[in-house]
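Q: Attaching a predicted model along with its sequence, questions to come.
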Amino acid sequence: MLKRRCVAPSWTLGLLACAAATVLIGCATTRIQPQALSQAEIAIRKADAAGAAEHAPLELHVARQKLEEAGRAIENKKPEVARHLAEQAFVDAELAEAMCRAQKARRNAGEVGATVDALRGESHRPAAD
Amino acid sequence: MSPYVRTRSLGTAAILCLLVSGCTLQQPESLEAARLAYTEVAKDRTLAASAPVALYEVKQALTRAETAWEQDEDEVETTHLAYVARRRVEIAQAVASEKQAEIEAGTLAERRAKVLLEAREAELAALKARKTDRGVIIPVEDVLFEFGRAALRPEARSHLARIAALLREYPERDLLIEGHTDDVGSDAFNFGLSERRAASVLGFLVAAGISPRRMAARGLGESQPLATNATDEGRSQNRRVELVVLNEG
């Protein structure tokens, strides 16, 4: 049997190891969380800038709510729940933005179409007096 | 373990599972729904052409959900990933819609350009314009002027207004306004009259909002007849002002 060189009792070593592991795991999760949340926040801002408040208000609202809930989940020490909510907020915001663009493109096409119709109606200019 | 015991324990597990809500042996509804949504959208050829990247992202999201279920049977994770996949389907549909609208706008813009061009050509024809190597010449006929004078008759206004409207469609072109007469009377008189008539037209156009910097007016007297001076008809044609929309450059 080998002689123990270590002076400290074995249980303190075990405790230290556990503490270190907890800190490391804690660090890892808190490193992931802000990224997922900040990505969602950026996506929400993008959607807002694209006009989602007007064109896709429901999806934008859902995204914002989920982001808030994600923040609360982190405070409540529920990182997995937070990650899910943040990822969903992200995709909700992307949907809001895509819907915005689609609406604007459809509106634009409609306007161009209207000018064509108007021109056709005007194609016979009034004769000179 | 004997086959009998194994079967019995499996059966027990199955019964227990069925009793528990959210049975993990049956895949989550959300996963099936996501798979269905993808299948539907993947059939749409127009969508596949309009939003290939978005469609690919749907597939990836669905694969992640499937993997979470197959490998870990993690219902919470799978449901979450299935939600993401279904949202990606909606995104693909929105992207496709945007693309289709863009294409339509392009087609309509082409049609509009064509209609505008046709309208312009028709208007030029109605104004009896003719194309020369200098540019397009729009005539202002003798009848629009007071007899033997440079003043414009009232009825000339609407005709000139029409010309002004057309000129606004050529904002980048310079204009030369040239007055001509028949050969009746002295050269000097005709030169003066043609110059004053050209100035009258220029004055009207400036008042109508055409930039004077684009325009110059001059008289050519009887030096460039359009028709013979031997007949009334010919002389009438010669007494004219011509608006030359100069070619670019």
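A: Sure, I can see it. For clarity, every value in this text was computed on a predicted model and none was experimentally measured.

Q: Convert stretch B:110-122 to PDB, retaining C-alpha atoms only.
A: Below are the C-alpha coordinates for stretch B:110-122, written out as PDB (Å, rounded to 0.1, in the frame of the first residue of the first chain):
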ATOM      1  CA  GLU B 110     -40.900  46.800 -67.400                       C
ATOM      2  CA  ARG B 111     -44.500  47.000 -68.500                       C
ATOM      3  CA  ARG B 112     -44.800  50.500 -67.200                       C
ATOM      4  CA  ALA B 113     -41.600  51.500 -69.100                       C
ATOM      5  CA  LYS B 114     -43.200  50.100 -72.200                       C
ATOM      6  CA  VAL B 115     -46.500  51.900 -71.700                       C
ATOM      7  CA  LEU B 116     -44.600  55.100 -71.100                       C
ATOM      8  CA  LEU B 117     -42.600  54.700 -74.200                       C
ATOM      9  CA  GLU B 118     -45.600  53.900 -76.300                       C
ATOM     10  CA  ALA B 119     -47.500  56.800 -74.900                       C
ATOM     11  CA  ARG B 120     -44.600  59.100 -75.700                       C
ATOM     12  CA  GLU B 121     -44.300  57.800 -79.300                       C
ATOM     13  CA  ALA B 122     -48.100  58.300 -79.700                       C
END
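
Q: Would you pull up how far it lies from the middle of the chain?
A: Centroid separation for stretch B:110-122 versus its chain: 11 Å, with CA atoms, centre = their mean, to the nearest Å.

Q: Give me the buried positions along it.
A: Buried residues in stretch B:110-122, counted by 16 or more other CB atoms under 10 Å in any protein chain shown: B:R111, B:R112, B:V115, B:A119. (C-beta placed from N, C-alpha, C; glycine too.)

Q: any idea which helix or strand carries A:R101?
A: helix A:79-122 (DSSP states H and E).

Q: Show me what the helix or strand harbouring B:V201 packs onto, helices and strands only.
A: Using DSSP H and E, B:V201 falls within helix B:187-207. Applying 3 or more CB pairs under 8 Å, 6 or more residues apart in numbering or on different chains; DSSP states H and E, one finds that helix B:187-207 makes contact with helix B:156-167, strand B:175-180, strand B:215-219, strand B:240-246.

Q: wait, doesn't B:E75 sit right on B:P28?
A: Yes. Taking CB atoms under 8 Å as the definition, B:E75 is a contact partner of B:P28 at 5.5 Å.

Q: In terms of neighbours, single out the busier of these two.
A: Taking neighbours as other CB atoms under 10 Å in any protein chain shown, B:E75 and B:P28 compare with B:P28 leading, 23 against 18.

Q: which residues touch the more buried one?
A: B:W69, B:E75, B:T78, B:T79, B:A82 (CB atoms under 8 Å, 6 or more residues apart in numbering or on different chains).

Q: phi, psi of it?
A: Main-chain dihedrals, B:P28, degrees, to the nearest 10: phi -60, psi 140.

Q: In terms of pLDDT, where does it sit?
A: For B:P28, the pLDDT comes out at 91.

Q: give me the element B:I138 is part of.
A: strand B:135-141.

Q: For that strand, name the packing helices and strands.
A: By 3+ CB pairs under 8 Å, 6+ apart, strand B:135-141 packs against strand B:130-131, helix B:156-167, strand B:240-246.

Q: Could you identify which of those is most buried?
A: Sort the helices and strands packed on strand B:135-141 by mean neighbour count, taking mean count of other CB atoms under 10 Å in any protein chain shown, and strand B:240-246 sits at the top with a mean of 22.

Q: List of residues touching that strand?
A: B:132, B:134-142, B:145, B:163, B:167, B:170, B:173-180, B:194, B:197-198, B:200-201, B:226.

Q: so after the helix or strand bottoming out on mean pLDDT in chain A, what's the next helix or strand?
A: Using mean pLDDT, DSSP states H and E, helix A:10-49 stands out as the lowest-scoring helix or strand of chain A, at a mean of 73. Sequence-wise, the next helix or strand downstream of helix A:10-49 (DSSP H and E) is helix A:52-55.

Q: need the residues of chain A near chain B, please.
A: A:80, A:84, A:87-88, A:91-92, A:94-95, A:98-99, A:101-102, A:105-106, A:108-109, A:112-113, A:115-116, A:119-120, A:122-123, A:125, A:128-129 (CB under 8 Å from any CB of the partner chain).

Q: Could you break chain B into its assigned domains?
A: Described in terms of automatic domain parsing, the domain architecture of chain B consists of the residue ranges B:22-107, B:127-246.

Q: what mean pLDDT does the longest one have?
A: Read that as domain B:127-246. pLDDT averaged over domain B:127-246 gives 94.

Q: Just the endpoints, please. Distance across that domain?
A: By CA to CA, to the nearest Å, the extent of domain B:127-246 from end to end equals 17 Å.

Q: what do you get for stretch B:236-249?
A: End-to-end distance (CA to CA), stretch B:236-249: 33 Å.

Q: from the middle of its chain, how far away would that stretch be?
A: That offset, for stretch B:236-249, works out to 32 Å (CA atoms, centre = their mean).

Q: of the buried residues of stretch B:110-122, closest to B:A49?
A: Of all these, B:R111 has the smallest distance to B:A49: 22.3 Å, by CB to CB.

Q: What separation do you get for the closest one and A:D117?
A: 10 Å (CB to CB, to the nearest Å).

Q: I figured B:A150 hits B:V201, correct?
A: No. Using CB under 8 Å, B:A150 makes no contact with B:V201, being 9.3 Å away.

Q: So for the two, which sits in the more crowded spot?
A: Neighbour totals were compared for B:A150 and B:V201, and B:V201 leads with 26 against 20 (other CB under 10 Å).

Q: Near chain A, which residues of chain B are found?
A: So chain B meets chain A at B:54, B:76-77, B:80, B:83-84, B:87-88, B:90-91, B:94-95, B:97-99, B:101-102, B:104-105, B:108-109, B:111-112, B:115-116, B:118-119, B:122-123, B:126, B:155, B:158-159, B:162 (CB under 8 Å from any CB).
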